[in-house]
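Undergrad: compute the structure for the input listed below.
(5 chains, ligands or ions: 4)
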Amino acid sequence: MILSRREKFVCYAVTYLFALFLLAPIVWMLSTSFKGQLAIFQKPPSLFTEFTFQNYAAVLSDPQFLHAFWNSVLISSGTVVVSVALAVPAAYGLSHLTGGRRAGFLSWVLLVRAAPGMIYVLPYYLAYSQIGLIDTRIGLILINSVFTIPLAIWIVIPFFDAIPHEIEEAAIIDGATRFQTMTRIAIPLAAPGIASTAILIFIFAWNEFLFALTLTRFEARTAAVSILSYMAYEGTEWGKVAAAGALILLPVLCFSILIRKYLVQTTAGGVKG
Amino acid sequence: MAEVSLADTRKVFGTHTVIPELSLSVPDGSFTVLVGPSGCGKSTLLRMIAGLETTSGGRIEIGGRDVTAVTPSQRGIAMVFQSYALYPHMSVRDNISFGLRLARRPAAEIDGKVRRAAEILQLEPYLDRKPAALSGGQRQRVAIGRAIVRDPGVFLFDEPLSNLDAALRGQMRIELLDLHRRLGSTMIYVTHDQVEAMTMADKIVVMNAGRIEQAGSPLDVFDRPQSPFVAGFIGSPRINFFKGGIAESRGGDMVAVRPEHLRIVETGGRWRGRIRLLEQLGTDTLVHVTLTDGDEIVIRAPRMGPELQDAQVAIDCDDRHFHVFCDGQRVD
Amino acid sequence: MAEVSLADTRKVFGTHTVIPELSLSVPDGSFTVLVGPSGCGKSTLLRMIAGLETTSGGRIEIGGRDVTAVTPSQRGIAMVFQSYALYPHMSVRDNISFGLRLARRPAAEIDGKVRRAAEILQLEPYLDRKPAALSGGQRQRVAIGRAIVRDPGVFLFDEPLSNLDAALRGQMRIELLDLHRRLGSTMIYVTHDQVEAMTMADKIVVMNAGRIEQAGSPLDVFDRPQSPFVAGFIGSPRINFFKGGIAESRGGDMVAVRPEHLRIVETGGRWRGRIRLLEQLGTDTLVHVTLTDGDEIVIRAPRMGPELQDAQVAIDCDDRHFHVFCDGQRVD
Amino acid sequence: MHSSRLRGYGLYILPTFLVLATITIVPLFVTFTVSLFLIDVTSGLPPVWQGFYNYVSLLSDSRFLNSLVVTAELIFIPVALQLLFGLALAICLRERLAGTRWMRILFLLPAVIPPAVSGLVWKLFVIPGAGGLAWLSGLLGIDLDIDLLSMPATALATVVVASTWVGTPFVALILLSGIETIGKDQYESATLDGATWWQTHRYISIPTLAPIIRTVVVFRILEALAIFPIIFVLTGGGPAGATEPVNFYAYVTGFDYLQIDYAASMIVLFFLAMMAFCSPFLVQIARSAEGGAR
Amino acid sequence: QDKPYEGVTLRVLGTQQPWETELQKRADQFTEATGAKVVFDLYSLTQGIQKVTVELSSRSPAYDLVFVEASDVVRFGGGGLLEPLDDAIAADPDVDLADFLPATIDANRIDGKLYALPHFAATQMLYWRPDLFQAAGIDGPPKTFSEMMDDCAKLQTPEMKCTAMRGKPSTSENIWYWTQFLLGFGGSFVKDYPDDLTPTLDSPEAVEAAKFYAKLLTDYGIPGSVSASYDEVVIAMQQGDIAMAIEGAPLAGRILDPKLSKVSGKLGFAVPPGGPAGTFAPFTSQAYAVNAASKNKQAAEAFLIWATSKKTMQDIAANSSFVAVTRNSVWNDPAFIKAHGYDFGHGSFTDAYRDTLATADPHYRLPIAEFRPAADRVGAALQEIVTGQRSAEDALAAANSDVERIFRRARLLR
Ligand SMILES: Nc1ncnc2c1ncn2[C@@H]1O[C@H](COP(=O)(O)OP(=O)(O)OP(=O)(O)O)[C@@H](O)[C@H]1O
Ligand SMILES: Nc1ncnc2c1ncn2[C@@H]1O[C@H](COP(=O)(O)OP(=O)(O)OP(=O)(O)O)[C@@H](O)[C@H]1O
Ligand SMILES: [Mg+2]
Ligand SMILES: [Mg+2]
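TA: Ligands and ions are numbered 1, 2, ... in the order given. The predicted model follows:
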């Protein structure tokens, strides 16, 4: 469409103002992460007063933070493995069902996913205290799966659906068993979708807060929760908090740029209309 | 090499009967074309032969063996799909050899068969490409290659050319016929394009609503359609139908005449009407005429100038070109 | 009612010149068809006339008014898109009246115009349906209805029939011509299908790579193609080209003969060859012949039986049917 | 082979079904059961059956009633804003104006930032007199030195803004991908019909997007309370419960006051209300995801 | 043997406050002496308390030592979640319980058993500006609430507000502050703790206390008082924006910090004023207790005793900004007095602090589990009163019935 000057101006104004709104807080956090404690509370504030890596150095030499970071890596990866291993065959099976059964299962999965996290925390807390899963990585992986398995099913199904059934039939005529058809045809074809699902689950698990907050102490504490320990009663160490925040942000940022093509469609998890 | 025969085969989806009861014999080594309008059950029939759909009744024999309950890969058939159904993540070589590798054939055998198929189809230069890097015609050939290495007695094609553009379609048509000549296998070919059916088949099977309307050689079907449906389906432009007096005088309730058999005459003629529209095809002209009784007919005539638009004309036809039907059956 | 004229119109996308410099005059009330291979710039040209693309140079006049800088809705044109571009969330009635409602015309006027368009197009029963509930042909008609109510001087069509199946396409072709006759407006129609061009146009404009190869009446273009491109593009099956001696003897570097002008003769003949394939069209047969010099040609002949396959034949043609070209130009 | 086929594929679904059922339905049931007993975890006394006592109590718990109001505020205001801004952005981004392509990538940011970090980002941003907001307003020549998080109205506004910040880009990108599936032809056709730029969007984009908008809204509503970590970090639900939605009150009740049964009753009630509201949409969405139709 | 706890790792769940961070720095000394390693897990105050609650009630052995506020000791100790320390203390003569401020010990004792050793004595005192009082013709700090109100009328000028106070609705903000008015006017949270827990927040005394608080805050408080927390009060005092304030005694270090303060050297210190029913300075103690589920109880007890020993406390008190010590011996320690013994001629800080602690009511905060939800609720009501949304009578009546519901739900009431 050929836009008039005024329409162009409106478009530019809307997008750039929003970009500012979007970026300003993040940029501010980054700038804070490079400031010393005094500069942080300087009035009036300014974006770049001093530039120091001391906050990063402090955070990166804090064994508790590093431990939490490593936990996040393990828990997120574990969640990915468990969810993908369970969701992919189910999605494959579902994509071969039609009508009521498929819609029924999918609605159920969606309802489960739509439930507030708090409703799961209480029973999991009670059960984990009994069976010793509090403060374990396994425990977190398990409860994360409550959300990530449905998520994965929803995201992977369209990729299986998109495989023309003729391709699978060709494989059947070529003598492939149903399992071989899945492993040698369907999964390789859905691989980009499965990979981006895996990354999405990783991000989900990485970002998860409520479960990690309530079901861990120190052994399995995750990076997102570890930030809290820098936010103390008196004199929060904002520089460290900001640096830790930036470090926690980094992996999800890299991953989401990697899968940006799929991110929108997939995070929608069935938003099609 | 194998003939295929279906005896009282039925197919019901839920409550919807797609193929009521169908018997058909496909001669060994023939190129048999199943043709019919969309939704008439051609694909369903083909897929039943392949074993991709169960039968709801009846028997299917391939090469004299009852295969009704045999799995697809054991039926000695190969199938080429409309969409080619290539494995997009495998190279051409791997696509062609997938079935052999699943069957754990020795490497040398696999290699030999792939080489031979590639040679027949002139695919050698592309063996290491992925399907996405091939043109439509080349993909089509890979799909055929995949069929060839199975050494099937019967090749099944489901509208294999409908995704190609007109020029390529013409060319692939010729290549397929060449292939048939070379391999000598039985081929069953589904299409809804009557030109394709006419030009390719040894034997045409015209289907309608899950039933066989007529089976025979192309020229036989063209010259002696057994039902109004076949008459209307085969031939382009479409045949003209007449009811009423002219039909009754010939002992039927309907007669049909092909547009190329109608003539515009100076005087006399069985019909008269007004030229509604002239469609110039170049050498020929399609003349759309509104008859005095309101019927619309089409005549294929040699070039007629646009000045004839709206002219009143008389139309005639030789007796031998009438196809007469009564109760939906040809009357001879 | 308006004629359209383009003077030295140019279109450049970035660094890519799509239309180098083009002048064209579309007579008032004509049905002008722009035809040419895919990517030759037909749509671009049409969209420039509509005002949906800016021009990179030159002038566009509609009805004698310079509209080069006028917004699309003010040019007095209406356009029908290949995809129909119906508004899926609006009823047929709302689709048709959308432009009028935007212009805040009185309800009575809107109602009258919609009614008239619906009547012309036999859309009355569907006025309250959404497009999704219509067949392809009906959608096509709604798109035309939307154009009609604008009372445009010029209708622009961009391959409006290419999404329809063959039968419907034939029918819609006739309906469009009827419409043209009834409304008498100028219509510019883009297609890449030469049959459509031949059968519909008063005036054919054959384009190639952004240039006009030839413009004229369909029969003129068919009978006297001005370049090998036009000769090859118009006519089906495709014209046969010959180079070498036979061309030189006629004072050109290339001659062309249409398949229907070649004859298989008993004796003599200018060429000889082997029948490679017979394609049965019913009344006619397409004979594919491999000449002795290796060239492949096609002859459209009356019915020939399949027994002639592989026969050696002689081929001839009348002198008057030769099209002679030199340096890409017709030589007369 | 149709019927036999289904049975075969059931084998692929069954294990996942069982696992998922175990880790979801059982806990949901436990939560409900817990809400029916009086449980004092500190004393270690055995649970006492109390029926629906908790649910009755809730109805007269003004803090709970307040949290319902806050929940509504935190759902509907941000979702409305997200929709408004998201739509405007999608429409503007569609034009692919110079220098706006990178925003599509940029817009992914808030959707993937760990919510806890988002809370932190905003907490830093609104530090009275010394945060990014003060810096920005300083650039505009305004001296802004108030503690937004200390007063109920401004604290709620801050949370609403943060929630909008998180959700808008996501909505924008979904709507953008929706808008981009609308044929260029339709806009051109409308242009020919005399529609202005705004009118093309008013009459073409928005109505066409309606189903997507509906779905997005349902998802955003369900996701709205996922800003728990943001509230946790930013305001802790305060001041005076001004930013305390139901799930936060449930958290405080369960893990701060250790009234687990009471917390369970709250969250069960909330879950049921949410489902009553959203499940028809969810089922519809699941049905429309009939992609493969094999 | 030399290092009895070699190989033991003690986990401490605490809060990030000066005492803990200082203790953390010195934990190596304990390790050197006993072999036990000590790992601290420190959270913000609210989160820390919450974690402790959850950890203890799940009877998890993950932490050996936990942070407790006095008001929580009853329920934890009573529920058997904490380890009684009496035997360990009896075995170690160095502990010298008598040296602790009595209220801090009483607050941690139930049924004769001591469950925690306090390190932090939290109370509030009156900070006042003798120069301004003098200029207004007032001799000496107010002793009663009504005096305070009268003085404010005299002290307040168009340029300067009289006082600053906590208005932020929370158990640890406005309730912590307001309870002294409630009790001072003769009111109480419940009818007769611990025998009858019927809430009495709608009593005339409570209403009067609320009205007094609201008037003081709106008429004489700094702008923004309605949402102020201790931080705003400290800053107002530091900046010399107000004439007096009742605020946390442990905050004196900050208020007087010469780097930040414009008033260091200009302040007087006094016991906060009281009401008709007496003086009830806010009081609580913070302490560490041994988790009853701990697997290293002996080592944990040893660490606790070491951490609250005279030596350790003296060391921390003399070498940091931490002043809220719980041992009399430290209060009298010359090094401590040198470090913190502010005296600018209008009352010594340490004297005022000690005198205030002497009035401390160990049940200033009711030691019941439901105190926090109940007090949070009353805090919100106070804010409604201050902002004029509701009258004191209505707001408190509503709060009272909510508190009653909370208690009833917990079966504290029949
Ligand atoms: N899996 C199925 N379930 C229910 N009905 C089906 C199924 N597959 C096909 N049908 C129905 O069977 C009928 C025949 O379908 P079929 O695909 O065989 O037609 P076709 O002749 O191949 O048509 P086309 O030329 O369009 O490919 C159609 O009415 C179709 O709707
Ligand atoms: N917006 C554009 N930017 C750059 N190049 C374009 C653009 N639109 C068209 N082109 C190029 O201009 C040339 C002509 O395109 P156009 O769409 O006019 O072809 P066409 O003749 O209509 O072809 P078809 O029959 O396939 O519709 C093509 O090479 C196309 O790639
Ligand atoms: Mg088919
Ligand atoms: Mg085009």
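Undergrad: all contacts plus neighbour counts: C-alpha atoms, from now on.
TA: Will do.
Undergrad: close to chain E: what parts of chain D are there?
TA: Contact residues (Cα under 8 Å from any Cα of the partner chain) of chain D with chain E: D:41-44, D:54, D:57, D:60-63, D:150-151, D:239-241, D:255-258.
Undergrad: any regions of chain A where pLDDT drops low?
TA: Scanning chain A for pLDDT under 70 picks out the ranges A:1-2, A:232-236, A:263-273.
Undergrad: got the residue ranges for the strands in it?
TA: With DSSP state E, there are no strands along chain A.
Undergrad: domain parsing of it, as residue ranges.
TA: A:1-52, A:61-272 (automatic domain parsing).
Undergrad: ok, residue B:98 - how many residues close by?
TA: Other residues near residue B:98 come to 22 when the count uses other Cα atoms under 10 Å in any protein chain shown.
Undergrad: look up how far residue B:145 lies from it.
TA: Taking Cα to Cα, to the nearest Å as the measure, residue B:98 falls 11 Å from residue B:145.
Undergrad: for the closest residue to ligand 1 within the stretch 201-350 of chain E, helix, strand, or coil?
TA: Relative to ligand 1, the nearest point of the stretch 201-350 of chain E is residue E:293 (64.1 Å; Cα to the nearest ligand atom). Of the three states, residue E:293 takes coil under DSSP: H, G, I helix; E, B strand; the rest coil.
Undergrad: now do the contacts for it.
TA: Contacts of residue E:293 were listed using Cα atoms under 8 Å, 6 or more residues apart in numbering or on different chains, and they are E:59, E:60, E:61, E:64, E:81, E:82.
Undergrad: sorry, back to before: let's have the domains of chain A in TSV, adding mean neighbour count and distance to chain C.
TA: Below are those laid out as TSV (neighbours: other Cα atoms under 10 Å in any protein chain shown; distance: least, Cα to the nearest Cα, whole Å):
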stretch	mean neighbour count	distance to chain C
domain A:1-52	17	7
domain A:61-272	21	16
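Undergrad: nearest to ligand 2, out of the ones you listed?
TA: Nearest to ligand 2, of those and by Cα to the nearest ligand atom, is domain A:1-52 at 10.6 Å.
Undergrad: what comes into contact with the strand or helix carrying residue D:214?
TA: Applying DSSP states H and E as the criterion places residue D:214 in helix D:206-224. With contacts defined as Cα under 8 Å, 6+ apart, helix D:206-224 is touched by A:114, A:268, A:271-273, C:88-89, D:74-76, D:78-79, D:83, D:163, D:167, D:171, D:174-175, D:178-179, D:182, D:274, D:278, D:281-282, D:285.
Undergrad: list, one by one, the residues from the stretch 101-250 of chain B near ligand 1.
TA: residue B:192 (Cα under 6 Å from any ligand atom).
Undergrad: now the stretch 101-250 of chain B against chain C: closest residue?
TA: residue B:199 (4.6 Å; Cα to the nearest Cα).
Undergrad: now distance to residue B:155 too, for the domains of chain A, in a markdown table please.
TA: Formatted as a markdown table, the domains of chain A follow (distance: least, Cα to Cα, whole Å):
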| stretch | distance to residue B:155 |
| --- | --- |
| domain A:1-52 | 51 |
| domain A:61-272 | 12 |
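Undergrad: need these in TSV (columns: distance to ligand 2).
TA: Output for those, formatted as TSV (distance: least, Cα to the nearest ligand atom, whole Å):
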stretch	distance to ligand 2
domain A:1-52	11
domain A:61-272	23
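Undergrad: end-to-end on stretch D:128-148?
TA: Span of stretch D:128-148 from end to end, Cα to Cα: 7 Å.
Undergrad: and it, anywhere near chain A?
TA: Yes. Stretch D:128-148 reaches chain A (Cα under 8 Å from any Cα) through D:129, D:130, D:131, D:132, D:134, D:135, D:138.
Undergrad: any figure for the gap between residue B:45 and residue B:205?
TA: Residue B:45 is 12 Å from residue B:205, by Cα to Cα.
Undergrad: still on that earlier bit, please pick the buried ones from the residues of stretch D:128-148 next to chain A.
TA: Among the residues of stretch D:128-148 next to chain A, those classed as buried by neighbour count (16 or more other Cα atoms under 10 Å in any protein chain shown) are D:129, D:130, D:131, D:132, D:134, D:135, D:138.
Undergrad: quick one, what contacts the second one?
TA: Read that as residue D:130. Contacts of residue D:130 (Cα under 8 Å, 6+ apart): A:40, A:41, A:42, A:43, A:44, A:45, D:145.
Undergrad: swap the cut-off to 7 Å and go again
TA: Each residue near residue D:130 by Cα atoms under 7 Å, 6 or more residues apart in numbering or on different chains is listed here: A:41, A:42, A:43, A:44, A:45.
Undergrad: so which pair among those is furthest apart in space?
TA: Greatest spatial distance among these (Cα to Cα): A:41 and A:44, at 8.5 Å.
Undergrad: so which of the contacts of helix D:206-224 belong to helices?
TA: Under the assignment DSSP state H, these contribute A:114, A:268, D:74-76, D:78-79, D:83, D:163, D:167, D:171, D:174-175, D:178-179, D:274, D:278, D:281-282, D:285 to helices.
Undergrad: and those residues near ligand 1, which?
TA: Okay, of these, nothing touches ligand 1 (Cα under 6 Å from any ligand atom).
Undergrad: and the residues you listed, which of them are buried?
TA: By 16+ other Cα under 10 Å, the ones in helices among the contacts of helix D:206-224 give A:114, A:268, D:74-76, D:78-79, D:83, D:163, D:167, D:171, D:174-175, D:178-179, D:274, D:278, D:281-282, D:285 as buried.
Undergrad: I'd say residue E:294 and residue E:61 touch.
TA: Yes. Between residue E:294 and residue E:61 a contact is recorded at 4.6 Å, counting by Cα atoms under 7 Å.
Undergrad: and these two? Which one has more around it.
TA: Shown here are residue E:294 and residue E:61; by other Cα under 10 Å, residue E:294 has more neighbours (22 against 16).
Undergrad: for ligand 1, what's the nearest residue on the stretch 151-300 of chain B?
TA: residue B:192 (5.4 Å).
Undergrad: can I assume residue E:10 sits in a strand?
TA: Yes. Judged by three-state DSSP, residue E:10 forms part of a strand.
Undergrad: what about it, neighbour count?
TA: Residue E:10 - counted by other Cα under 10 Å - has 23 other residues nearby.
Undergrad: is it in a bridge, and if so with what?
TA: Here residue E:10 sits in beta bridges with residue E:38, going by DSSP bridges.
Undergrad: quick check: the residue in the stretch 51-200 of chain E that chain A sits nearest to vs residue A:144, distance?
TA: In the stretch 51-200 of chain E, the residue that lies nearest chain A is residue E:58 (6.3 Å; Cα to the nearest Cα). Shown here: residue E:58 relative to residue A:144, a distance of 22 Å by Cα to Cα.
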